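The following block contains a protein sequence and its predicted model.
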Amino acid sequence: MTAQILDGKATAAAIKSELTARVAALKEKGVTPGLGTVLVGDDPGSQKYVAGKHRDCAQVGIASIQRELPATATQEEIEAVVRELNEDPACTGYIVQLPLPKGIDENRILELMDPAKDADGLHPMNLGRLVLNEPAPLPCTPNGILTLLRRYGVEIKGAEVVVVGRGVTIGRPMPLLLTRRSENATVTQCHTGTRDLSAHLKRADIVIAAAGSPHLIRPEDVKPGAAVLDVGVSRNAEGKIVGDVHPDVAEVAGWISPNPGGVGPMTRALLLVNVVEAAERSVG
Ligand SMILES: Nc1nc(=O)c2c([nH]1)NC[C@@H]1CN(c3ccc(C(=O)N[C@@H](CCC(=O)O)C(=O)O)cc3)C=[N+]21
């Protein structure tokens, strides 16, 4: 038996085609959604991701606003761009590409963003709303994972889910989404301090691997038939993406998300969903 592929690329394409119609409807009402990106420095990976986001925007009819600063940009210079986008009516939502260069206070930048324009769902106000069960833009990667599981009919209610990782973009918000009454999963959060990761993994119906540790999840640790989502992005010597999930896991799992082609494109699609929803709220 080999696992069914959770095809993020195809699912993202379907979401984008649904969004195209919603963007057209907004334009009829005189609103053009515009996604802003703030990219600081010249990391090739970050440049590639940001370019992908703007390609997606073009596909669905969202306007693109790109701001680039050199790696030497100061805290004040980045903050000035954030204030500018907060004021710019053409920019209905934006993201500050993370990580920012060393020495920049990332949290201060995120706090300065207008929470109504937070396309990533990572503003402290919006993360707080998520904790409080108030409506808010949802963090794109966790929401992308959830959307992928739903579209393939993976049972979430009552499932034992293991999340590996505790980063701000995935590990921390993921359990918040999964433990809402509407999802009703039971979540164990594992991290580098977990004593026996393997024991936790063996019980999981769904594994969400966001540790950034190449091939951390091995076939002998996965329950037969489990859904395994590979969110890790490491690069090998040739610059190729290496995920957190060992390829042989596909022999044991019931579902597996490829990497690339799995969660990455879903993250981008759910970013566009946040931009379109914010624009829809603005027209009432
Ligand atoms: N404020 C902020 N928001 C983010 O959402 C954010 C960020 N900062 N910093 C970096 C991470 C990383 N991230 C990815 C998004 C898409 C792909 C993606 O589409 N990957 C393609 C392949 C791309 C390739 O080949 O390099 C795939 O998986 O098929 C990957 C990684 C968003 N991030």
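All right, it came through fine.

mind listing the strands for the protein?
For the chain, the strands identified by DSSP state E occupy 4-5, 34-40, 63-69, 93-96, 160-164, 186-190, 206-209, 227-230, 234-235, 241-242, 255-256, in order along the chain.

ok, now how distant is residue 59 from the ligand?
According to CB to the nearest ligand atom, to the nearest Å, residue 59 stands 13 Å off from the ligand. Every C-beta, even on glycine, is put in place using the N, C-alpha and C of the backbone.

Residue 79 now?
For residue 79, the distance to the ligand under the criterion CB to the nearest ligand atom works out to 16 Å.

Let's see the pLDDT reported for that residue.
We note a pLDDT of 98 for residue 79 in this prediction.

tally of neighbours for the closest residue to it other than its chain neighbours?
Here the nearest residue to residue 79 in space, its sequence neighbours aside, is residue 112; by CB to CB, 6 or more residues apart in numbering that works out to 5.8 Å. Here the number of neighbours of residue 112 (other CB atoms under 10 Å) works out to 14.

OK, contacts around residue 112?
The neighbourhood of residue 112, defined by CB atoms under 8 Å, 6 or more residues apart in numbering, consists of 79, 82-83, 86.

hey, which of the strands of the chain is tucked in deepest?
Ranked by mean neighbour count, the strands of the chain are led by strand 227-230 with a mean of 30 (mean count of other CB atoms under 10 Å).

number of nearby residues for the residue nearest to residue 205 when sequence neighbours are not counted?
Nearest residue to residue 205, sequence neighbours excluded (CB to CB, 6+ apart): residue 159, at 4.2 Å. When neighbours are counted by other CB under 10 Å, residue 159 registers 19.

Over to residue 52?
Using other CB under 10 Å as the criterion, the residues surrounding residue 52 number 14.

That one reaches residue 267, doesn't it?
No. With contacts counted by CB atoms under 8 Å, residue 52 stays clear of residue 267, the gap being 9.6 Å.

Quick check: closest non-adjacent residue to the closest residue to the ligand within the chain.
Of the chain, the residue with the smallest distance to the ligand, taken as CB to the nearest ligand atom, is residue 264 at 2.3 Å. With CB to CB, 6+ apart as the criterion, residue 264 has its nearest non-adjacent residue at 6.7 Å, and that residue is residue 8.

OK, contacts around that neighbour?
Contact analysis of residue 8 by CB under 8 Å, 6+ apart lists 144, 148, 257-258, 261-266.

Which pLDDT does the model give it?
The predicted structure scores residue 8 at 98 on the pLDDT scale.

tell me the contacts of residue 201?
162, 190, 207, 217, 221-223.

roughly how far apart are it and residue 105?
Summarising the geometry, the distance separating residue 201 from residue 105, computed by CB to CB, to the nearest Å, is 36 Å.

same thing with residue 143?
Residue 143 sits 26 Å away from residue 105, taking CB to CB as the criterion.

Between the two, which has more neighbouring residues?
Between residue 143 and residue 105, residue 143 has the larger neighbour count (other CB under 10 Å), namely 22 against 12.

just checking, that one touches residue 177?
Yes. Proximity of residue 143 to residue 177 meets the contact threshold set by CB under 8 Å, at 6.8 Å.
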